[in-house]
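Engineer: sequence plus the predicted model coming up.
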Amino acid sequence: MLQDKFDIYISALVIQEASRGDKEAAKKRLSAISEFTVLEITPQVQEVAAFLIAQNAIPAEAEEDALHIAVASLNGMEFLLTWNFSHINNAFKKSNIIRSIENQGFISPEICSPEEFIGD
């Protein structure tokens with residue numbers, strides 16, 4: 001199991017997202033993530049997210065995506081796992097995301113899908 005090999009963190013934003021939609025499905029999602037350490041969205045995270053948007057690394061209408069990246073970067077996460085191929089795990093966006101994060105003095109996590117992370 002992944003939890004046996006890695007420390008798993010989520011942001012407060014993940015809890016909000018998991019709470020949406022069908023109540024029964026949301027209950028199952030929240031149960032599945034209940035043991036993970038929650039990283040808060042601080043004012044500094046919000047500043048870095050705004051910088052990502054200002055640098056056109058993430059579109060303005062995708063503020064939550066910028067927050068996911070910022071919270072992972074500011075908390076020193078090595079990996080950011082996502083199925084968001086539109087704005088986060090996108091070959092055309094990644095280099096701008098990484099450059100923008102590094103320009104703020106942080107190290108960008110490796111961005112990949114869960115399937116890419118686990119491999120064969």
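Structural biologist: Happy to help now that I have it.
Engineer: what about residue 88, how many residues nearby?
Structural biologist: 24 (other C-beta atoms under 10 Å). Every residue, glycine included, has its C-beta placed from N, CA and C.
Engineer: same question for the one 4 residues further on.
Structural biologist: The number of residues packed around residue 92, counting by other C-beta under 10 Å, is 6.
Engineer: show me the contacts for it.
Structural biologist: By C-beta atoms under 8 Å, 6 or more residues apart in numbering, the contact list for residue 92 is empty.
Engineer: and the pLDDT at it?
Structural biologist: The confidence metric pLDDT takes the value 88 at residue 92.
Engineer: next SSE downstream of the helix or strand it falls within?
Structural biologist: Using DSSP states H and E, residue 92 falls within helix 91-103. For helix 91-103, the following helix or strand on the C-terminal side (DSSP H and E) is strand 110-112.
Engineer: one step back: buried ones in the helix holding residue 92?
Structural biologist: 93, 94, 97, 98, 100, 101 (16 or more other C-beta atoms under 10 Å).
Engineer: just flag the most distant two among those.
Structural biologist: 93 and 101 (12.0 Å; C-beta to C-beta).
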